[in-house]
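In: Below is the structure, and that's it, no one-letter string:
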């Protein structure tokens, strides 16, 4: 899906609450250079749901929050999307029970890559 989005000109990035020193090489190991930017927590930034890290990634990529979609699997992801003014697509296989996450954000469940693709395409 990330390859297909890249071919369509969609810029993808990773924002994680994992330590930046371990997150960046791990994502590159499994995904290569598919993401335009990978950023984790550093000494100079706070964890999600603080919006600063996410907003700094958008700024580095010259993307406005109104142009972005945040795909996430937890309540911190939902909160940071709200804090940044970014649309949110919830994934049903992650840290938060899907029933809680979907009830909180009132969004259609996305439980597989095909469904995620459909939801992302709606924004293009």
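Out: Thanks, I have the structure now. This one's a predicted model, so the numbers in the text were calculated from it and none came from an experiment.
In: Please pull out the lowest mean pLDDT helix or strand from the chain.
Out: helix 98-105 (a mean of 84; mean pLDDT, DSSP states H and E).
In: So which elements touch it?
Out: helix 75-84, strand 87-90 (3 or more CB pairs under 8 Å, 6 or more residues apart in numbering; DSSP states H and E). Backbone N, C-alpha and C define where each C-beta goes, glycine included.
In: in the strand ranked longest in the chain, what counts as buried?
Out: Criterion DSSP state E: the longest strand present in the chain is strand 13-19. Residues of strand 13-19 classed as buried by neighbour count (16 or more other CB atoms under 10 Å): 13-17.
In: Pull the most distant pair out of the residues you listed.
Out: 13 and 17 (14.5 Å; CB to CB).
In: Is residue 55 in a helix, a strand, or coil?
Out: Following DSSP: H, G, I helix; E, B strand; the rest coil, we place residue 55 in the helix state.
In: That one against residue 64, yeah?
Out: No: contact criterion CB atoms under 8 Å: residue 55 and residue 64 do not qualify, at 10.3 Å.
In: neighbour count winner among the two?
Out: Between residue 55 and residue 64, counting by other CB atoms under 10 Å, residue 55 is the more crowded of the two (18 against 10).
In: Against residue 50, how distant is the nearest residue to the more buried one once chain neighbours are set aside?
Out: For residue 55, ignoring the flanking residues on the chain, the nearest one in space by CB to CB, 6 or more residues apart in numbering is residue 84 at 5.8 Å. Residue 84 sits 10 Å away from residue 50 when distances are taken as CB to CB, to the nearest Å.
In: Have a look at the two and say which one is more surrounded.
Out: The neighbour comparison of residue 84 against residue 50 (other CB under 10 Å) goes to residue 84, with 23 against 17.
In: The more buried one: what's it in contact with?
Out: 51, 54-55, 58, 65, 68, 70 (CB atoms under 8 Å, 6 or more residues apart in numbering).
In: now swap in residue 43 and tell me
Out: Applying CB under 8 Å, 6+ apart to residue 43 gives no contacts.
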